[in-house]
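Peer 1: okay, here's the prediction I keep looking at, along with the sequence it came from:
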Amino acid sequence: MPEGHTVHRIARQLELDLVGRALRVTSPQGRFAAGAARLDGQVLLESTAVGKHLFLTFASGDVLRVHLGLYGAWDFHGRLTPVTTGELAWGSMGAPRLRRVLRMGEDEREGPADEGGLVAQFPPDPVGQVRVRLASQETVADLRGPSACEVLDPAGAAAAVERLGPDPATLTDDDERAAAGREMVRRLRARSVAVGQLLMDQAVVAGIGNIYRAELLFRARLDPRTPGRQVPVRTATALWEDWATLLATGIAEGMIITRDDLTPDERRAAATDTRLRHWVYHRAGEPCRVCGTPVLVEDMAARKLYRCPTCQRRPRTTTRKT
DNA sequence: TAGGAATGCGTAG
DNA sequence: TACGCCTTCCTAG
């Protein structure tokens, strides 16, 4: 159940421990047998994430595209390099070490550490329905429950990326990121659909899911029902910049913590207590943390949308185009 | 233990 | 808008 930050972390984990190696590619479950056979034995050249899509490029030019959907996850075994040095990250200290299992899909969870830091058996037997196993001599990555898992040629992969809106985590250059922000603002303000729906539209901006959607709109104090056209440029730009910030934090920490009012102790507590992490998400009926009004939940495009009816307002419409 | 919900999305109607 | 995909977790009974 990942949003963009998780997929970026997965891409980095694969980059650190599997890129540059010839991989054994199998489909223990059997549903990806043909694709696995096509990739088996090839060197993995590149691992990148765009929005919620993962792209793995192999030496032949074949690209494995994976989308985790609602409940996909990767389990990692063996030698793993810490992805970030974030304060709350699971692997913030120490050298690469052997792990029994690290699950990346929702909150990252680590399996029990083995005595002496050794896994009992390597490679481990697949657990459950493993669609794809990518294995080097030292590291195994098991993919379970994806909504998409397919081999594309380079043109097909490029087309898949082309269908996505900008993703701030793919851009390091300030000018490029600003230009991408202007593009997101343009796409957002081009339609009269509710901004709450537009933020979830991966063609407008890539990587936002239901949690980030609700939290970004609360942080902007913006009513999710506001038509995209009526979102002022300044507000839309602020949404992009806030998304870039939250995404970077999410990638560093491996979880979605959107509250900026937490003390360091509270933030540490939020690592294990999901109830502390959000302003409105999953808090229907509970008092708004700012004004005390009960948080509302309603369906928007078949997804649960959480908002504070008092704090989140429609912008005043003006005749002047801004 | 059964059933529903979940951080998603494509397709059919 | 409704449904299917395919997995895990939590809760009600």
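Peer 2: Arrived safely, thanks for sending.

Peer 1: what helix or strand is A:Val7 on?
Peer 2: Using DSSP states H and E, the element containing A:Val7 is helix A:4-17.

Peer 1: which other helices and strands does that helix contact?
Peer 2: On a contact count with 3 or more Cβ pairs under 8 Å, 6 or more residues apart in numbering; DSSP states H and E, helix A:4-17 meets strand A:44-50, strand A:53-58, strand A:73-80, strand A:97-104, strand A:139-144, helix A:233-253. No exception for glycine: its C-beta is placed from N, CA and C like everyone else's.

Peer 1: name the helices or strands packed onto the longest one?
Peer 2: Pointing back at helix A:233-253 there. Contact here means 3+ Cβ pairs under 8 Å, 6+ apart; on that basis helix A:233-253 packs against helix A:4-17, helix A:174-189, helix A:210-219.

Peer 1: for the residue lying closest to A:Arg109 once chain neighbours are set aside, give the beta-bridge partners.
Peer 2: Nearest-residue entry for A:Arg109: A:Arg103, 5.0 Å, with adjacent residues in sequence omitted and distances by Cβ to Cβ, 6 or more residues apart in numbering. According to DSSP bridges, the partner residues bridging A:Arg103 are A:Asp75, A:Arg109.

Peer 1: ditto for A:Thr139
Peer 2: A:Gly78.

Peer 1: of all the helices and strands packed on helix A:233-253, which one is nearest A:Asp153?
Peer 2: helix A:4-17 (20.0 Å; Cβ to Cβ).

Peer 1: now the closest one against helix A:233-253, angle please.
Peer 2: 40 degrees (axes from the mean of the first three to the mean of the last three Cα atoms, to 10 degrees).

Peer 1: close to DNA strand B, is helix A:4-17?
Peer 2: Yes. Under the criterion of Cβ under 7 Å from any atom of the strand, DNA strand B is reached by helix A:4-17 at A:Thr6.

Peer 1: and that helix, what's its mean pLDDT?
Peer 2: Averaging pLDDT along helix A:4-17 gives 93.

Peer 1: after it, heading C-terminal, what element do we hit next?
Peer 2: Counting by DSSP H and E, what follows helix A:4-17 is strand A:24-26.

Peer 1: what parts of the stretch 51-200 of chain A come near DNA strand B?
Peer 2: Residues of the stretch 51-200 of chain A lying near DNA strand B (Cβ under 7 Å from any atom of the strand): A:Gly51, A:Lys52, A:His67, A:Gly69, A:Leu70, A:Tyr71, A:Glu106, A:Asp107, A:Ser147, A:Ala148, A:Met200.

Peer 1: so how far is A:Arg189 from the residue nearest to the second one when sequence neighbours are not counted?
Peer 2: In space, A:Lys52 comes closest to A:Val7 once its chain neighbours are excluded; the distance is 5.2 Å by Cβ to Cβ, 6+ apart. Taken as Cβ to Cβ, to the nearest Å, the spacing of A:Val7 relative to A:Arg189 amounts to 27 Å.

Peer 1: could you do A:Ile256 as well?
Peer 2: In terms of Cβ to Cβ, A:Ile256 sits 26 Å off from A:Arg189.

Peer 1: tally of neighbours for A:Asp153?
Peer 2: By other Cβ atoms under 10 Å, 12 other residues sit near A:Asp153.

Peer 1: name all residues that make contact with the residue of the stretch 51-200 of chain A found nearest DNA strand C.
Peer 2: Residue nearest to DNA strand C within the stretch 51-200 of chain A (Cβ to the nearest atom of the strand): A:Gln129, separated by 2.5 Å. Contact analysis of A:Gln129 by Cβ atoms under 8 Å, 6 or more residues apart in numbering lists A:Gln29, A:Arg144, A:Gly145.

Peer 1: any weak-confidence spans in the stretch 151-300 of chain A?
Peer 2: Low-confidence segments of the stretch 151-300 of chain A (pLDDT under 70): none present.

Peer 1: got phi/psi on the closest residue to DNA strand C within it?
Peer 2: Nearest residue of the stretch 151-300 of chain A to DNA strand C: A:Asp299, at 8.0 Å (Cβ to the nearest atom of the strand). When read as degrees, to the nearest 10, the backbone of A:Asp299 gives phi -80, psi 130.
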